[in-house]
Each structure stands twice: as C-alpha cells, then as structure tokens.
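Participant: turn this into a model:
(chains A and B)
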Amino acid sequence: MKIPPVKGTRDFYPAEMAVRNYIIDGWKKVSIRNGFEEFDSPILEHLQMYTQKSGAEIVEQLFSFKDRGDRDLALIPEMTPSLARMVNQKINSLPKPIKWFSVPRLFRAERPQKGRLREFFQWNIDIIGTDSIAADAEIIFTTLDYLQYAGLSENDVVVKVSSRKLLAAFLKSLSIAENDLPGMYAMLDKKPKMPADTFAAVLNEKLSDKDRASKILAFMETDSLEKIKKSLGVNQKIDDAINELLEHHRLLNEMGVGRFYKFDPGIVRGLAYYTGIVFEVHAVGGELRAICGGGRYDNLLKDFGGPDIPAVGMGFGDCVLEILLREKGLLDKHIKKPELDYFVVSDKSFEENIFFDLVAKLRRNGFITDFSYKTDNLSKQLKTASEKNAKKCIIISKEYSDSKQIIVKDMATGEQQTIPIDKFMDGLINSK
RNA sequence: GUGAGUGUAGCUCAGUUGGAUAGAGCAUCGGAUUGUGGUUCCGAGGGUCGCGGGUUCGAAUCCCGUCUCUCACCCCA
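Facilitator: Residues are numbered from 1 along each chain as shown, chains lettered A, B, ... in the order given. Here you go, the predicted model:
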C-alpha cells in the first residue's frame, strides 16, 4: 500500500534541499554578521504555552497530542513563546541586550494555500533588554541585509512601517476605549483585503459615527510621517509616537536602507502583543502575502511570567520567500549544481591496486572525488564524469602500467597532461 | 472549518460521440561508436487512468461519495 506524504508538508529531494540550504544558510550568515547568536528550542512545547495567552481557539490551529504521561503537548507553531520561556529561565545571568536568532521548523494545522504550508521554516531575530529605537532599526536593517544578500532591491521589496503606539494614541484621541482597541486593530488589519467603500461602510457601522469614521479613514490613507505630524500634532502621546517613528526612519536612512522605507498606517499586524513600531516587508506590485514582519513587543516576557523587559523581533518564513526568489530568477542564479573536483577513471589495464588508493588520497586531501562502479568501458566512465559535473578526470590506463604515469584531463577544455603518479601525489599534499 | 477548481508513467501533456493489449516528449536504465565525455542513433522498464461505489454488454471517458493538490475565505503567530 502506498502511503502518501502528509498534507501541507514537503519532501526535500536533493534539488529542493539545495534551495532550502541556500535560504537557511543565507539567514544564518546574515544573522551572524549583524551580531546575532544562534539558539534553538525543542520542537515540542506544553500546549498551555499557546492557550494561555491566545485562548482555546488556537488549539485548532496547531498540532497537539497527549503523551503517555497525559501531558498536553504541541508541535511549536512559532518561536517567540519558546524564546520568552528560555530567556525568562536565565534572565538574571544573561548579558543584556540579548541578540539571538533561530531558524526553527514550525507547524500550523491550517489548510495549505499559496505561501502557507503546515510545516515550514522561519527565521527569527530578536533583541531583548533594550528599548532603544536603534534596536528597532537594527531588526529592519538585518532583515534588509538578508533581502539584499538574496539579490532583491528597492524595486522588488518595500518595508511598510507603522506604530501601535501611534495607532493607539490616535484611536484614544477619538475616545475609543482601551478595551475596544484589539477589536479595532483586527478590523483595521483587514483593510487591504476589501474594496475602499466596503471598508468605509464597515467602519461606519462599527463606530456608528460618521465623523470619527472619516477621521480614521483619513488617518489610514496617510502615506507620510510629515503629513501625520501636520494633521495630528495635538496630543503629547501622538507626538511622542511620531517622533519615535521619525527617529527610527532617520536611523534607517543613516544605515543606508532608507530607500526601502514606506510609512503605512495600514500595517497593524494581527498579533495582540505588539506595543510599538511594527513592520512588514512586501513584494512590490505583487499579489503575495507579506514576506516577513515584526515589531516591538515590550510586554511579552512579563506575559510569560518573567520580568518587565522590552523586546523587539522579526519572523520570516521560507514559503513566500521561495516563491518570490523563484519569480525573480534568483534561485537559478545563486544555486550551483554540485561539482566534483576529480572523477577517477580506469580501464583496469594494469595489475597494481592503485585505483582506490588514489581515490582515497584525493578525498583525504579535501578534494570532492568520485568514480564509477563500472570499470569496463572508458567512454562510459567519462560520460558519467560529465553528468556528475566533474572539473577534472584522472585516467589510469596503459601509461600507468608502462611508466607509472596518469592522465589528468580538464573536462572544460578537454586538455590533458600525462604526469608521473608520484609527482601528482606530491603536488596534492603540497597544495594543502 | 467553508467554498471553487483539479487529478492519465518520475515530469509536461494526448487519448475521437463510452469500444478491443492507454500513447508522445522529457527523465531513468541498457546498447552502438572498442584509448576519451557533453551530440547523435537504437532499445527497454515504468500507469488497477487518485481511491471506492454506481449506470452500462462495455468506463480513463457518464453519475455519486471520498482523498489529494491548487486557489480563495476564516485565521495569521
């Protein structure tokens, strides 16, 4: 009986594995050069970790089970709670700020669709223990550092930035109650999904107040910090939030990535735990969902039973990225076919057992080396060498039995030279 | 969880109004060119036509169910 793969998962054959490694290696390389240290958590956590803050509905969106000790466990659907748990556990002994990154394998029991699967990889970077806006800027800089590393420019991607603080202060200035804020966030977050007049109608209905609704609409349409400052600079809290955004923008300009920046009050992010500047990276002109997103979440550690310590972070999944890189032709460009340094070929026209000795020595010296199990036909073996993308072939044949010489053939040019095997071996060792 | 579309070799697809051993290209494997690869030529393997049921003398083809995949909704950490 054939057993199918599990819904929403992927098989990584060598070709797909090369893509996955390319993406993840890039994430790690960029994290490290931006001063982040790698950590990892278990793939299982207590189910309670997710139900506690998000409610019971979330159980339907993750994979959970009871172990034999009757514990409710879950395959982790995100990394941030595990990070909070780990940091809280050692909070007093960790030097601050903490700059950590991770590339966990995550699971969500949703119905798969474009750019969303049930099993995926997600790059996370977090800075914990500072409320400096420079940290908010650095998270975005590091994200952009990767996107540029992958070959994307400001023509391909845009960072849309907003502020929960600004939005909250603005909504409160319209006498919307603190308790109603989460509901408002959820609604405003849906704006891009509906036509403008539908959104206006929904807003009117929700507020039952045309004046306030039109003010919110105007706010949501504003596309620059300067305009916001001019139209709203009436209230200390709003002013503070705007100044924070201006400083953040200034830092990104100074870091040389200001051209990617776009103020967009429509960026709300669904998650309730954000408290400050939030952002999403989107493909320019595409229909794709957000490539990645993040922001400041100053209450998270406290919410998970730790001290009141500020934090800012970003999460970046592999699925949408892969679609985008493929569309832009950046995968074929960056992922090389595997190559061999040497392919050793022989027609067995000699007695001595030199063949495997040579193969082993090449490998021990660090050369990627292979050979064919079929040793009858020279032309077959060379064909295999071509298929395996060998840079050079070593041919051991009658020159060896005649005078202990081997042929080194350059597969790109076809040139070959005959040299004594001892000389070749000495050259190998000296080349290291 | 809701809705729409889809399913024929590993991949991309043919398959006449329901008719006999279901085809092609690519890929894979083998052979030819006997001291040298990429080209070419020849050949082979591989499909309970997603699965189950029904209609029919007869089903890849029509009907029902189910699953998969795709896309959208819900949700988005």
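Participant: any idea whether the closest residue to residue A:76 other than its chain neighbours is helix, strand or coil?
Facilitator: The shortest distance from residue A:76 to any non-neighbouring residue, by C-beta to C-beta, 6 or more residues apart in numbering, is to residue A:45 (5.4 Å). Just so you know, the C-beta spots here come from the backbone N, C-alpha and C atoms, and that holds for glycine as well. Under the three-state scheme (DSSP: H, G, I helix; E, B strand; the rest coil), the conformation of residue A:45 reads as strand.
Participant: my guess is residue A:45 contacts residue A:73, does it?
Facilitator: Yes: between residue A:45 and residue A:73 a contact is recorded at 7.1 Å, counting by C-beta atoms under 8 Å.
Participant: can you pull the buried residues of the strand or helix carrying residue A:211?
Facilitator: Here residue A:211, judged by DSSP states H and E, is contained in helix A:210-221. The neighbour-count criterion (16 or more other C-beta atoms under 10 Å) identifies A:212-213, A:215-216, A:219-220 as the buried residues of helix A:210-221.
Participant: now for the following helix or strand past it, which elements pack on it?
Facilitator: On the C-terminal side of helix A:210-221, the closest following helix or strand by DSSP H and E is helix A:225-232. Under the contact criterion of 3 or more C-beta pairs under 8 Å, 6 or more residues apart in numbering; DSSP states H and E, the helices and strands touching helix A:225-232 comprise helix A:164-173, helix A:210-221, helix A:236-254.
Participant: switch the cut-off to 6 Å
Facilitator: Judged by 3 or more C-beta pairs under 6 Å, 6 or more residues apart in numbering; DSSP states H and E, the packing partners of helix A:225-232 are helix A:236-254.
Participant: can you check what angle separates the helix it packs on from helix A:225-232?
Facilitator: Here helix A:236-254 runs at an angle of 170 degrees relative to helix A:225-232 (axes from the mean of the first three to the mean of the last three C-alpha atoms, to 10 degrees).
Participant: helices and strands around helix A:236-254, which ones?
Facilitator: Packing partners of helix A:236-254 (3+ C-beta pairs under 6 Å, 6+ apart): helix A:133-149, helix A:164-173, helix A:225-232.
Participant: got a list of contacts for the last one?
Facilitator: For helix A:225-232, contacts defined as C-beta atoms under 6 Å, 6 or more residues apart in numbering pick out A:222, A:238, A:242, A:245-246, A:263.
Participant: what does the stretch 101-250 of chain A put close to RNA strand B?
Facilitator: When proximity is defined by C-beta under 7 Å from any atom of the strand, the stretch 101-250 of chain A lies next to RNA strand B at A:108, A:110-114, A:116, A:186, A:190, A:193.
Participant: is the helix or strand harbouring residue A:32 up against RNA strand B anywhere?
Facilitator: Here residue A:32, judged by DSSP H and E, is contained in helix A:14-33. No: with C-beta under 7 Å from any atom of the strand as the criterion, RNA strand B is not reached by helix A:14-33; the gap is at least 11.0 Å.
Participant: for the stretch 251-400 of chain A, which spans come out with low pLDDT?
Facilitator: Scanning the stretch 251-400 of chain A for pLDDT under 70 picks out the ranges A:271, A:350-352.
Participant: which positions in it make contact with RNA strand B?
Facilitator: Taking C-beta under 7 Å from any atom of the strand as the contact definition, the stretch 251-400 of chain A meets RNA strand B at A:269-271, A:287, A:289, A:293, A:315, A:347, A:374, A:377-380, A:382-383, A:385-387, A:390, A:395, A:397-399.
Participant: in the stretch 51-200 of chain A, what residue is nearest RNA strand B?
Facilitator: With C-beta to the nearest atom of the strand as the measure, the residue in the stretch 51-200 of chain A that lies nearest RNA strand B is residue A:114; the distance is 3.0 Å.
Participant: ok, now how distant is the closest residue in space to residue A:264 that isn't next to it in sequence from residue A:228?
Facilitator: Distances taken as C-beta to C-beta, 6+ apart put residue A:160 closest to residue A:264, at 3.9 Å, once the chain neighbours are dropped. Using C-beta to C-beta, to the nearest Å, one gets 14 Å for the distance from residue A:160 to residue A:228.
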